[in-house]
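>>> Sharing a model that was predicted from the sequence below.
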Amino acid sequence: MDLPAMESESDEVKERLIESFTPRIRRLIAVNRVLDHMHSLEPGLKERIRQRAATDGDSAAAGDLISAVLKKPRAAGWFRAFVDALLHSGCESAADYIQTPPEPEVEAENDYCVMLVELLSPSLVDMKTDVVCHECFSQGLINQDDDEIIRTSTANQGNGSGARELLRRIVRGRPGWFSDFLEILRKTEHQYLYELTGGPPDSDKTGDLPSSPPSSQGTVTTQLLPARHACNCVTRTSVRLLCVTDSGAADGGPEKADIVLRDYQMDVASPALEGKNIIICLPTGSGKTRVAVYVTKKHLDGRRAEGRAGKVVVLVNKVPLVEQHYSAEFLPYLKSTYNVERVSGDCQLKISFTDIVKNSDVIICTAQILENFLERSNKGEDEGVNLSDLSLIVIDECHHTQKGGVYNHIMMRYLAQKHKNRRLEKEQKVPMPLPQILGLTASPGVGGASKIGKAEDHILRICANLDAHRIMTKDLGQYQREPRKLIKTVEDRKEDPFGNVIKNIMNAIHTHAELSPTSDFGSQNYEQWVVLRERIAATEENQKVRVCSEHLRQYNEGLNLSNTIRMRDAFSFLNTYHEEELKKKTTPDEEHVIKITDTEKFLFNLFKENREELQRLAEMPEYENDSLSKLRSKILHEFSSREAARGIIFTKTRRSAIALSQWIQENPKFADIGVKASYLIGGGDQSVVKPMTTAESRDVLNKFRNGKVNLLIATTVAEEGLDIAACNFVIRYGLVTNEIAMIQAQGRGRAEDSSYTLVEVKNSGVAEKERVNEFRITMMNKAITNIRALDQADYDKRILEFQLQAIMEGKVRMTKKKKKNMQDLKGEVKFSCRSCSKHVCTGNDIQIIEDMHRVNVTPEFKQLFIERENPSLQERFLDYETNFYIACKDCGQRWGSMMLYRGIDCPSLHVKNFVVTFNEKKMSKCTKWGDLPIRFPVFDYAEQASRVAESSDDED
């Protein structure tokens with residue numbers, strides 16, 4: 001045999017060896033450290049693997065690393081390079097496996113030792129971590145990188161966290177590590193732990209040591225035998241394995257033991273275990289998701305035992321909850337038996353959702369993705385998903401299953417098919433199988449009801465929409481947690497010179513535009529009034545009142561900000577607004593002049609004349625609002641009175657969340673007591689404030705979970721579902737919505753002795769709203785009790801009535817929608833600039849991309865606008881990206897954004913920036929494309945690409 005053939009055969013042997021031991025060595029590889037020594041891999045590939053480690057954990061990323069190493073063609077010496085990388089990165093045990101695998105009995109002995117450490121970890125975390133870590137490093141059980149990580153974790157998150165890091169790392173060692181670890185425990189005077197893990201009693205060293213573990217976490221009883229025998233004495237069902245994973249690691253870490261439910265959890269789950277549709281209504285933090293995991297496992301186990309396939313979809317309404325449910329709950333408990341996957345709107349896996357459903361047992365996803373693929377199947381345009389493909393649907397935060405929500409769209413499909421099945425059965429035809437439904441909620445709410453009967457109807461309607469056999473709830477007994485509640489009222493400023501300057505400016509604008517407001521400055525009623533004035537003026541082409549109304553709205557927001565956050569933040573907001581408005585009046589190339597009207601000159605000069613005075617007053621702390629003072633005192637109290645404070649402040653707007661975070665970070669008093677603040681805001685584009693990306697949100701939440709951030713300032717995006725066990729105080733800062741949000745916000749405080757504080761803000765009326773919500777919660781609980789007391793026949797009758805009503809209402813809506821879609825009067829709709837009233841285009845010029853973006857690619861339209869770079873607008877998707885916005889060439893009014901769609905520039909119009917005339921009548925309110933009953937044609941990519949190519953040829 002020639003040399004190349006021998007080398008090829010040797011490579012194949014090495015490849016099979018690595019593949020055979022992949023499941024084991026994946027658990028032994030520290031991915032980032034190994035990559036540092038893998039010089040043969042391309043930098044881009046290494047970065048992708050590091051990203052996988054950051055989001056999905058070491059085990060998942062190790063699989064990618066091994067695949068990359070084995071990918072052909074391979075360079076000469078590839079195997080040696082991989083082994084060297086493992087050795088140099090401290091992964092000697094993994095290197096041993098692919099060179100000289102251990103004997104079976106040695107491997108089994110090591111497995112026993114790993115299992116014992118996992119089983120006893122609830123007690124082992126009570127070790128003196130710094131002392132044990134020092135000895136482990138000295139003895140070579142861990143390397144320098146491990147030592148630094150463990151000490152950092154101990155310093156930042158406490159002794160227990162550091163101990164878990166230590167245990168996670170020593171079990172990766174070469175066989176024999178366990179006896180060294182035992183000796184270290186004895187040497188460092190951890191006699192109880194030494195004996196617990198199999199060391200022989202040493203009476204000479206136990207005089208001053210406790211005879212029982214110092215931890216209150218419970219004990220594990222084993223005979224004091226050598227490790228292997230001790231492991232055999234502890235069964236997996238007698239103690240729950242501690243999940244020692246990186247926070248947020250998507251591989252779920254080591255498998256968790258069988259799920260053990262509390263009595264109240266088992267009670268509410270019992271009908272679901274019988275295959276019935278139910279709603280589980282339990283307080284936040286009571287383990288609803290754990291019940292759902294339990295029901296899911298029993299459901300899949302039962303179907304497997306019957307020889308039937310099971311398919312479970314877990315629906316959530318927010319992207320961060322996909323990762324949370326996947327990593328913290330479903331994957332750790334189910335991964336050893338079932339294939340668990342997750343998909344969200346920002347994940348490229350959504351394009352292959354049909355295949356994911358086919359190949360997975362459990363899929364956690366945002367509800368819109370399932371609805372999109374159900375609709376695909378319904379239209380027959382593309383391969384989609386059918387309800388009959390699923391055997392169980394879990395709906396998180398199921399109180400949203402009402403009105404026009406996406407949960408309700410899915411369930412209306414379900415109800416329509418259910419009632420169709422009844423007809424099929426009467427005709428002795430085969431009905432379509434439907435999945436079991438499990439709804440989870442902490443608060444169905446009362447739907448704005450003021451009487452108990454209406455509250456019952458609201459809850460029954462949700463039950464009907466979910467086809468629930470029962471709504472299940474239970475008193476938590478000893479597990480009930482009620483946070484301490486406090487309302488902080490505020491006093492009006494004795495003097496408010498900053499606010500007075502803003503009010504004087506607003507009065508001057510009223511005089512100029514001949515406006516007479518009917519509400520107080522800074523109030524919500526004033527904002528509603530001024531928005532209405534702007535809409536009317538736009539439709540009447542009264543540009544003087546329109547532009548004055550727009551400026552008045554910004555000044556009103558400035559007043560609100562000065563009552564909520566610092567005056568300097570309010571000033572910054574107003575100053576930035578005027579700078580942006582002035583920029584609109586200049587062109588990047590200065591080829592032509594944008595017109596500035598007399599009213600605009602008046603408004604710009606008015607701010608310029610008062611700018612210095614506003615800036616001077618904004619820096620005078622004696623005039624700050626009392627709300628901020630109360631908030632400061634509350635934060636200082638929480639962090640100085642708790643050993644490990646971790647809390648969330650809920651605020652109304654993205655702007656106030658960012659400003660409060662900056663205020664805390666800039667205040668040295670907060671830093672002195674260990675406050676580490678960050679903000680969390682939504683990802684939608686409805687606000688002028690740049691939204692957070694999913695990656696940014698995930699990073700902040702992970703830091704909050706692991707303690708790198710201990711104070712989160714969030715908008716309502718964090719109210720539902722956020723599960724941080726260590727969170728021990730919640731503050732709602734000038735924000736109260738409804739009773740559901742109140743329950744959800746209180747429930748973010750998961751730890752013992754949690755507190756819930758409401759801080760009042762001027763003109764917010766939050767104290768009164770809170771009392772109304774408390775009344776509604778009492779009403780809601782009474783309504784649920786009344787519903788549960790109904791005879792099953794009476795309950796079923798009312799549910800059927802609500803279902804038939806919902807189906808009929810759905811048919812009416814669809815009929816109206818079809819009528820709207822049938823309208824093909826594109827030429828009858830006209831668009832004019834909202835600012836200067838210039839005619840822009842008609843409906844005949846508009847096409848639609850991806851059923852979402854309305855674009856105008858006509859040459860005539862291109863002559864009407866200018867492009868401006870807008871960094872806050874930059875987005876990149878699979879087929880398109882947006883980097884610029886487009887604005888009126890005459891007045892600078894923003895019209896939309898410039899999309900680069902598969903290599904073609906496509907101006908995308910935002911309808912709120914235009915005055916829309918339909919059937920010769922101006923629409924007073926058209927803020928979104930759904931308000932316009934017009935069906936635009938799909939964008940003809942081939943035709944436009946040909947035009948672009950011809951244009952390029954002409955230029956050449």
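That came through, no problem.
>>> Only C-alpha atoms from now on, for both contacts and neighbour counts.
Noted.
>>> neighbouring contacts of stretch 264-278?
Residues from elsewhere that reach stretch 264-278, judged by CA atoms under 8 Å, 6 or more residues apart in numbering: 280, 287-288, 291, 295, 298-299, 436-439, 466-476.
>>> ugh, wrong one, I meant stretch 643-652
So stretch 643-652 is in contact with 638-639, 657, 707, 710-716, 726-735, 748-749, going by CA under 8 Å, 6+ apart.
>>> Next secondary structure after the helix or strand bottoming out on mean pLDDT in the chain?
Scoring the helices and strands of the chain by mean pLDDT, DSSP states H and E places helix 227-233 at the bottom, with a mean of 39. Per DSSP states H and E, the first helix or strand lying C-terminal to helix 227-233 is helix 263-273.
>>> CA atoms only: put that following helix into PDB for me.
Output of helix 263-273 as PDB, limited to C-alpha atoms (Å, rounded to 0.1, in the frame of the first residue of the first chain):
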ATOM      1  CA  ASP A 263     -49.200  19.400  45.500                       C
ATOM      2  CA  TYR A 264     -51.000  22.500  44.100                       C
ATOM      3  CA  GLN A 265     -49.200  22.100  40.800                       C
ATOM      4  CA  MET A 266     -50.300  18.500  40.500                       C
ATOM      5  CA  ASP A 267     -53.800  19.500  41.300                       C
ATOM      6  CA  VAL A 268     -54.100  22.100  38.600                       C
ATOM      7  CA  ALA A 269     -52.400  19.800  36.100                       C
ATOM      8  CA  SER A 270     -54.600  16.700  36.600                       C
ATOM      9  CA  PRO A 271     -57.200  17.400  33.900                       C
ATOM     10  CA  ALA A 272     -54.400  18.100  31.400                       C
ATOM     11  CA  LEU A 273     -52.800  14.800  32.200                       C
END
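>>> Just checking the distance from the following helix or strand past that helix to the centre of its chain.
Where DSSP H and E defines the elements, the next helix or strand beyond helix 263-273 is strand 278-281. Remark: strand 278-281 is offset 23 Å from the chain centroid, using CA atoms, centre = their mean, to the nearest Å.
>>> Within its sheet, name the partner strands of strand 278-281 and how each one runs.
Its sheet considered, strand 278-281 pairs with strand 436-441 (parallel), strand 470-472 (parallel) by DSSP bridges.
>>> can you give me the angle the first one makes with helix 263-273?
Going back to what we said before, that points to strand 436-441. 150 degrees (axes from the mean of the first three to the mean of the last three CA atoms, to 10 degrees).
>>> Show residues contacting strand 436-441.
272, 275-283, 288-289, 292, 391-399, 466-468.
>>> before we move on, back to that, return the subset of the contacts of stretch 643-652 lying in strands.
When these are checked against strands (DSSP state E), the matches are 711-714, 729-733.
>>> So which of those is the closest to residue 890?
residue 714 (39.7 Å; CA to CA).
>>> What's the separation between the spatially most central residue of the chain and residue 695?
Central residue of the chain (CA atoms, centre = their mean): residue 320, 1.9 Å from the mean position. According to CA to CA, to the nearest Å, residue 320 stands 9 Å off from residue 695.
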